[in-house]
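Visitor: Following is a predicted model, sequence given first.
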Number of protein chains: 2
Amino acid sequence: MLPQTQPPESPDLNRRLKKLTSILDVTKAMSAERDLDLLLPLILYEASKVVEADRCSLFVLDRERNQLWSKVAQGSKSEIRLPVGSGIAGQVAETGEVINLPDAYADERFNRSFDTLSGYRTQSVLCVPMRDANGEVTGVIQALNKLNGQPFDSEDEELLLALGAQAAGAIENALLHEDINRLFEGFVSASVVAIESRDPTTAGHSGRVANLTVTMARALEHVHTGPYAHTRFSLSELQELRYASLLHDFGKVGVREPVLVKAEKLYPSEMDALQARFQLARKDLQLQSYRRRLAAARSRGTHHLEEIDAEEDARLAQETKRLDEVLEFVLTCNRPTVLAQGNFERLHELKHLRFEDSFGQERPLLIEREITSLSIAKGTLSDEERREIESHVEHTYRFLSQIPWTRNLRRVPEIAYAHHEKLNGTGYPRAVPDVSIPVQSRMMSIADIYDALTASDRPYKKAVPHQLALDILQREVKSGQLDADLFRIFVEAEVPQRTQKESHE
Amino acid sequence: MLPQTQPPESPDLNRRLKKLTSILDVTKAMSAERDLDLLLPLILYEASKVVEADRCSLFVLDRERNQLWSKVAQGSKSEIRLPVGSGIAGQVAETGEVINLPDAYADERFNRSFDTLSGYRTQSVLCVPMRDANGEVTGVIQALNKLNGQPFDSEDEELLLALGAQAAGAIENALLHEDINRLFEGFVSASVVAIESRDPTTAGHSGRVANLTVTMARALEHVHTGPYAHTRFSLSELQELRYASLLHDFGKVGVREPVLVKAEKLYPSEMDALQARFQLARKDLQLQSYRRRLAAARSRGTHHLEEIDAEEDARLAQETKRLDEVLEFVLTCNRPTVLAQGNFERLHELKHLRFEDSFGQERPLLIEREITSLSIAKGTLSDEERREIESHVEHTYRFLSQIPWTRNLRRVPEIAYAHHEKLNGTGYPRAVPDVSIPVQSRMMSIADIYDALTASDRPYKKAVPHQLALDILQREVKSGQLDADLFRIFVEAEVPQRTQKESHE
């Protein structure tokens, strides 16, 4: 934009002004590009333009390994690594001096092997260092074959140095950005693993749900009909979804460990206490029996003792058998299967059973709380415990809400919050209707249930094969809990199979 | 560096070339500066220079609030916020058009109140938008009072626009950098709080240790004698130390909850089982007594029954009393106090006590494991449990080691790893000698112990007042465990008091 008002008498100066201005424009574009895979080609394209070269390449210095690496050489895709000091680029990185060769093949430092491999013929070469703000060399830019067939001139050197200096800053920013993002992601993943380690049966669950959900979101790109025909996720929205999925169960850290891993209706320590009480009651039967024998001996005389013993032995055996059967029944009820017909009533009759403790105090054989727990119709959790487990969603939301997410990731808490909501309003914790459930959470619900079903055995249920899991999900779709369109996409795009394949790559 | 080869006939072009080159240099410096507090003054300084203005100010657009904010107006320190649309800067932000006024006071859009407040007299004003790579306005730069007393010209406009464009990129990068760092820090802090919530008695411990340790590291700046006269920490080293301290106990997530919060030598469920066994044994005494009565009645006849009952009542009372005393003794041993002289021997004699269970099976009254636990000489933890608690350092190290720390933060795992090591080699988990313990870990040890002592009551010990905590630390210094010089600094620089004061600010 600058030079149009200039007088025409200084064509050289004008050209340079134009080029400097274009370097400024490029610099601005570079500073906005934080994705290295897009930044490097941009730099190479602009460098070729500014020095009028056929092609350019760029090497970044890895100080720790004393190597140069190149993610992109224009026209090639694989990463190249060179030792500092060797070849033209290696020399420039080592000395920080510009190398400008009219004829590369005439210089012994030039390594022809790239030409041999690619079939390219290098003639002129201009290689300049890139320096950071402290003047340290951070890489080199190399221009090949000046388009006019001439050697590169001193103006080219100056311009490429100027561009390289700007590129160095942009590359450093992009690398730093990558590093911090990797750090954040690494910390999040490691924390999730650490927290999942409390409950070995769910190890890896969050990571798998994140992979399933993101694979599903990507699958939407190929959907061109139905309500999700226009639903697409940008890279940063996929990232947001990934974090929400990875962290959806983070709140389980707020649920007590015994509740989290409860395998039967009574906790092991409760069952121990119950069994000890039955032992005491059994002993009590024996004591009562001997008391009665003594009383009978007193009233009927010792000559009846054999008869009394026989009567009492029979009675004690019968009473003991009945007590042992009650315990057997209690043990059956304790298992996490569906409570059999009539067992509920039988359990509640047992509350009248009494025995005498070691202080002669009459006590119930089964306490109220035990009967309530044993009466759980399905699974192992009481209403209160179920609420505690369900509270993990609230904990997750509270945890995520206090984190200062960047603008791109600001919906993470909201998406995770709704992963147990149902379209028909029967979910938790808020039981909101479908319109309040983001599509991201709907996808996550499907992934979450699928993984919970198919993951390796849990203490309270066995792993379910793929097809059966889909059938169960289909039932939840039919009952209006899950999104039918998204479930169809989940099945048709073979999201589980694709996710597994990708995570093995 | 560019213009020296130019012919002298184009002074205007040459000057512009020089200025453009200097903008490129500034751009490089700006892109390397990610601290906004340093970046903004740098931009203002360079902007003043390039358009030869007396001073400049810069406003960043806050789209959400539709406001402009300024962190630094040259010569002022507080933050200013202006509504978009009002005043010169607000107009430029709204329209994206340059405003160039030879005489500010002649323009009604100019807001004189800043001049009134500061005593400054604005004459000429040049205000240009800053645009990002997409052309969106992200702020404005304003130059005041051209130094030569003339109005700003079109070249100034162009140069300030060019500088502003570069500044926009640098500011965006710096803001993004700040945001991601805040996100990372926020996530780390929230995770630590979540994990500490498992053990309510240590809530807030990690944050306090981080504050104490960093305050101490800062206090070293004023130390000019002794072995730490030259130990100084850069901002990024302080950050590294902060993360290491914040995360030093993260591995406690790998320690089982009951061990973590163990308040007595036996776990509550173990004590329940023990008490139930004593109940059974008590009942057994009664049963044995009635068996003997019946046997005596058989051999001596029922006319002796009163005598037999009297004998047996007395014997039963005595045996029961002895049993109850054993239980009383066991309860005493269970408390987390130092085991009284002779109690160890008495406990071990108890292992011979037997009773008959409800199946007539002879069983020990106290099982081996209970006797071992009750014999713990000090505190509540068995050797095995102590090892499990101590293993949190290994868990912390393993957790931290798998995180891809940036270069600046790479020593976080190593620093946290050594926080329970002692200078005399008696620490854990590696029991390394002093030379292998980083100064950061030595400081953290002092902060960690101080906070553990002075924090609110734990189940197994009471909070200790400040001076007593220092006395206890002093003892650990004398026994060669803690660093004497660092402890002296901790006391003399009043690190705890200063930390508390700062955290209340």
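Guide: Great, that's in hand. Residues are numbered from 1 along each chain as shown, chains lettered A, B, ... in the order given.

Visitor: Domains of chain A: list them as residue ranges, please.
Guide: Domain assignment for chain A by automatic domain parsing gives A:3-180, A:198-256+A:385-504, A:268-380.

Visitor: measure the second one end to end?
Guide: Using C-alpha to C-alpha, to the nearest Å, the span of domain A:198-256+A:385-504 from its first residue to its last is 26 Å.

Visitor: thinking again about what came up before, confidence-wise, which of the domains of chain A is weakest overall?
Guide: Averaged per stretch, pLDDT over these is lowest on domain A:3-180, reaching a mean of 88.

Visitor: would you list every one of the strands in the stretch 101-250 of chain A?
Guide: Listed in chain order, the strands of the stretch 101-250 of chain A (DSSP state E, counting those that start in this stretch) span residues A:125-131, A:137-146.

Visitor: Sorry, slip of the keys, the one I care about is the stretch 351-500 of chain A.
Guide: Under the criterion DSSP E, counting those that start in this stretch, the stretch 351-500 of chain A contains strands at A:354-356, A:362-364.

Visitor: rewinding a little: including distance to chain B and mean neighbour count, could the strands of the stretch 101-250 of chain A go into a markdown table?
Guide: In this view, the C-beta of every residue, glycine as well, is placed from N, C-alpha and C. Shown next, in a markdown table, are the strands of the stretch 101-250 of chain A (distance: least, C-beta to the nearest C-beta, whole Å; neighbours: other C-beta atoms under 10 Å in any protein chain shown):
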| stretch | distance to chain B | mean neighbour count |
| --- | --- | --- |
| strand A:125-131 | 9 | 26 |
| strand A:137-146 | 11 | 24 |
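
Visitor: need these in CSV with distance to A:R398, can you?
Guide: CSV is the format used below for the strands of the stretch 101-250 of chain A (distance: least, C-beta to C-beta, whole Å):
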stretch, distance to A:R398
strand A:125-131, 47
strand A:137-146, 44
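
Visitor: Could you dump the strands of the stretch 351-500 of chain A into CSV with mean neighbour count and distance to B:A276 added?
Guide: Below are the strands of the stretch 351-500 of chain A laid out as CSV (neighbours: other C-beta atoms under 10 Å in any protein chain shown; distance: least, C-beta to C-beta, whole Å):
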stretch, mean neighbour count, distance to B:A276
strand A:354-356, 17, 13
strand A:362-364, 13, 12
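
Visitor: which parts of the stretch 201-350 of chain A sit against chain B?
Guide: The stretch 201-350 of chain A comes close to chain B at residues A:250, A:253-254, A:256-257, A:268-269, A:272-273, A:276-277, A:279-280, A:282-284, A:286-287, A:290-291, A:293-294, A:297-298, A:301-302, A:305, as judged by C-beta under 8 Å from any C-beta of the partner chain.

Visitor: Quick one, which of those residues are buried?
Guide: Among those, those classed as buried by 16 or more other C-beta atoms under 10 Å in any protein chain shown are A:250, A:253-254, A:257, A:272-273, A:276-277, A:279-280, A:282-284, A:286-287, A:290, A:293-294, A:297, A:302, A:305.

Visitor: Write out the residues of the stretch 51-200 of chain A neighbouring chain B.
Guide: Residues of the stretch 51-200 of chain A that fall close to chain B, judged by C-beta under 8 Å from any C-beta: A:132-134, A:154, A:158, A:161-162, A:165-166, A:168-170, A:172-173, A:176-177, A:179-184, A:186-188, A:190-191, A:194-195, A:197-198.

Visitor: what about 7 Å?
Guide: For the stretch 51-200 of chain A, the residues found near chain B under the criterion C-beta under 7 Å from any C-beta of the partner chain are A:132-133, A:158, A:162, A:165-166, A:169-170, A:173, A:179-180, A:182-184, A:186-188, A:190-191, A:194-195, A:197-198.

Visitor: Residues contacting stretch A:197-211, please?
Guide: With C-beta atoms under 7 Å, 6 or more residues apart in numbering or on different chains as the contact definition, stretch A:197-211 has outside contacts at A:192, A:196, A:242, A:245-246, A:248-249, A:252, A:257, A:260-261, A:444, A:447-448, A:451, A:455, A:458-459, A:499, A:503, B:253-254.

Visitor: any idea how far that stretch is from the chain center?
Guide: 8 Å (C-alpha atoms, centre = their mean, to the nearest Å).

Visitor: Could I get the buried residue list for it?
Guide: In terms of neighbour count (16+ other C-beta under 10 Å), stretch A:197-211 has its buried residues at A:198-199, A:201-202, A:205-211.

Visitor: repeat for stretch A:146-166
Guide: When neighbours are counted by 16+ other C-beta under 10 Å, the buried residues of stretch A:146-166 are found to be A:146, A:152, A:156-166.

Visitor: hmm, back to that, got a PyMOL select line for the buried ones in the contacts of stretch A:197-211?
Guide: In PyMOL, a selection of the buried entries from the contacts of stretch A:197-211 looks like this (16+ other C-beta under 10 Å):
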select buried, (chain A and resi 192+196+242+245+246+248+249+252+257+260+261+444+447+448+451+455+458+499) or (chain B and resi 253+254)
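
Visitor: In helices, which of the contacts of stretch A:197-211 appear?
Guide: Filtering the contacts of stretch A:197-211 for membership in helices, criterion DSSP state H, returns A:192, A:196, A:242, A:245-246, A:257, A:260, A:444, A:447-448, A:451, A:499, A:503.

Visitor: Output those as a markdown table; include the columns distance to B:T231.
Guide: Written out in a markdown table, the entries for the ones in helices among the contacts of stretch A:197-211 read as follows (distance: C-beta to C-beta, whole Å):
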| residue | distance to B:T231 |
| --- | --- |
| A:V192 | 37 |
| A:E196 | 40 |
| A:R242 | 42 |
| A:S245 | 45 |
| A:L246 | 40 |
| A:E257 | 43 |
| A:L260 | 45 |
| A:M444 | 49 |
| A:A447 | 51 |
| A:D448 | 51 |
| A:D451 | 51 |
| A:T499 | 51 |
| A:S503 | 47 |
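
Visitor: Out of those residues, which comes closest to B:S124?
Guide: Distance to B:S124, by C-beta to C-beta, is smallest for A:R242 among these, at 52.5 Å.

Visitor: Could you check which residue of the stretch 351-500 of chain A lies nearest chain B?
Guide: Of all residues in the stretch 351-500 of chain A, A:S358 sits closest to chain B, with a separation of 3.6 Å (C-beta to the nearest C-beta).

Visitor: How about that residue: what's its closest non-neighbour residue?
Guide: Using C-beta to C-beta, 6 or more residues apart in numbering or on different chains and skipping residues adjacent in sequence, the residue nearest A:S358 is B:R282, 3.6 Å away.

Visitor: and the host helix or strand of the one you found, what does it pack onto?
Guide: Taking DSSP states H and E as the definition, B:R282 sits inside helix B:268-300. Using 3 or more C-beta pairs under 7 Å, 6 or more residues apart in numbering or on different chains; DSSP states H and E as the contact criterion, the elements in contact with helix B:268-300 are helix A:268-300, helix B:305-334, strand B:354-356.

Visitor: Partner strands of the shortest one, with direction?
Guide: So the one you mean is strand B:354-356. Each strand that strand B:354-356 pairs with, and the sense of that pairing, follows from DSSP bridges: strand B:362-364 (antiparallel).

Visitor: Off-centre distance for the strand it pairs with?
Guide: Offset of strand B:362-364 from its chain centre (C-alpha atoms, centre = their mean): 52 Å.
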